[in-house]
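Q: make a model of this:
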Amino acid sequence: MTGFTSKSLVLASLMGLLLLYLCGISEAQNNQDCCLSYTKVPLPRRAIRGYSEQLSNEVCDINAIIFHTRSGKKACADPHAHWVKRHLLWLSKKLEKMSR
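A: Below you'll find the predicted structure:
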């Protein structure tokens, strides 16, 4: 091993471990924002301020529609549920009217 001392190898190993640890923390923080299950109760339309979409082929495990409520909370919903599709249609029409 020319050019490398045992101290530099130890330092490089520690830096690698630190990097792996920090990547693990970042991944765990991202998973905290994921929907893991769906709400069982349909939300009233008047409570909904907007929505976002979670895709299973990204960081999270399930597809979900995340409804953002007027109270600042979030509710995870099954994108295949009939009531969710109706709410999304209602929201898109509402946004279309606002943009005119």
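Q: could you point out which element follows the helix or strand bottoming out on mean pLDDT in the chain?
A: Of all helical and strand segments in the chain, the minimum by mean pLDDT, DSSP states H and E falls on helix 6-32, at a mean of 53. For helix 6-32, the following helix or strand on the C-terminal side (DSSP states H and E) is strand 48-54.
Q: buried residues, that following strand. List them.
A: Residues of strand 48-54 classed as buried: I48, Y51, Q54 (neighbour count, 16 or more other C-beta atoms under 10 Å). C-beta: built from backbone N, CA, C; applies to glycine.
Q: and the second one, what does it touch?
A: By C-beta atoms under 8 Å, 6 or more residues apart in numbering, the residues touching Y51 are I65, I66, F67, H68, H87, L88, L91.
Q: the second one: what secondary structure?
A: Each residue gets one of three states, and I66 gets strand by DSSP: H, G, I helix; E, B strand; the rest coil.
Q: could you dump the buried residues of strand 48-54 into CSV and include pLDDT?
A: Converted to CSV, the buried residues of strand 48-54 look like this (pLDDT from 0 to 100):
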residue, pLDDT
I48, 95
Y51, 94
Q54, 96
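Q: center of this protein - which residue?
A: Residue closest to the average C-alpha location in the chain (C-alpha atoms, centre = their mean): C34, at 4.2 Å.
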